[in-house]
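S.K.: Below are the sequence and a predicted model for it; my questions follow.
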Amino acid sequence: MEYIDSSQAGSAVDDGEVLVEPAVLVGPREGRAKRRTFTAEFKRRVVAEYDAAPQGSKGAVLRRERLYDSHVQEWRAAIEAGTLAGGVRRGRPPGTGRSPEQVRIVQLERENARLQRELDTKDEVIARREDALEVLGKGVAFLEALSSKNAR
């Protein structure tokens, strides 16, 4: 769902004509903080600057870049290990993805499970209806017996 920020939508008057500015669409998470990403070059530069800073002014480097000491420690360890340039990849490692056939099998298994649940639900509904019809039939038979007994 998209929201319209009414403070940014408006109109202006220009030579007697009313110009309507388009409404700016704002999402529900517009004000949330965005995750920052850092290049390997930036990380190397910050670590070098942090290490070169005299004792007592290292915190100024962190405050200026809005970082924590743990960032620098993590980046320094990655530089020493030689893994900084590669970056951190999330998700499945390359080559372990599913083939199109495997993806289709998973989709079909999910659909099969969904259809089985629907079938079970419908079987329960049918069983309840059959029970209700049986009770109704017995009730009708009882009423017919009563009416024939009273008719005599």
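M.R.: Nice, thanks for sending it over.

S.K.: Give me the neighbour count for residue 43.
M.R.: Using other C-beta atoms under 10 Å, residue 43 has 21 neighbouring residues. For the C-beta atoms, the positions are set from N, CA and C on the backbone; glycine is no exception.

S.K.: no no, residue 50
M.R.: The burial count for residue 50: 22, using other C-beta under 10 Å.

S.K.: Same question for residue 78.
M.R.: Look at residue 78: counted by other C-beta under 10 Å, it has 19 neighbours.

S.K.: residues in contact with the helix or strand hosting it?
M.R.: The secondary structure element spanning residue 78 is helix 69-81 (assigned by DSSP states H and E). Helix 69-81 has contacts (C-beta atoms under 8 Å, 6 or more residues apart in numbering) with 43-44, 46-47, 50-51, 62, 84.

S.K.: Show me which of the residues you listed are buried.
M.R.: Buried members of the contacts of helix 69-81, counted by 16 or more other C-beta atoms under 10 Å: 43-44, 46-47, 50, 62, 84.

S.K.: model confidence over the helix holding residue 78, on average?
M.R.: For helix 69-81, the mean pLDDT works out to 92.

S.K.: residues in contact with residue 133?
M.R.: Contacts here follow C-beta under 8 Å, 6+ apart; on that basis residue 133 touches nothing.

S.K.: Where does pLDDT dip in this protein?
M.R.: Counting by pLDDT under 70, the chain shows low-confidence ranges at 1-25, 86-96, 152.

S.K.: try 90 this time
M.R.: Judged by pLDDT under 90, the chain has its weakly predicted residues at 1-38, 56, 80-100, 103, 146-152.

S.K.: Farthest pair within the buried ones among the contacts of helix 69-81?
M.R.: Spatially, the most separated pair among these is 62 and 84, at 18.5 Å (C-beta to C-beta).

S.K.: quick revisit: identify each buried residue in the helix holding residue 78, please.
M.R.: Buried-residue list, helix 69-81, by 16+ other C-beta under 10 Å: 71-72, 75-76, 78-79.

S.K.: From the chain's centroid, how far away is whichever helix or strand comes after that helix?
M.R.: With elements assigned by DSSP H and E, the helix or strand that comes after helix 69-81 is helix 100-151. With C-alpha atoms, centre = their mean, to the nearest Å as the basis, helix 100-151 stands 36 Å off its chain's centre.

S.K.: Could you state which residue of this structure sits nearest its centroid?
M.R.: residue 29 (12.5 Å; C-alpha atoms, centre = their mean).
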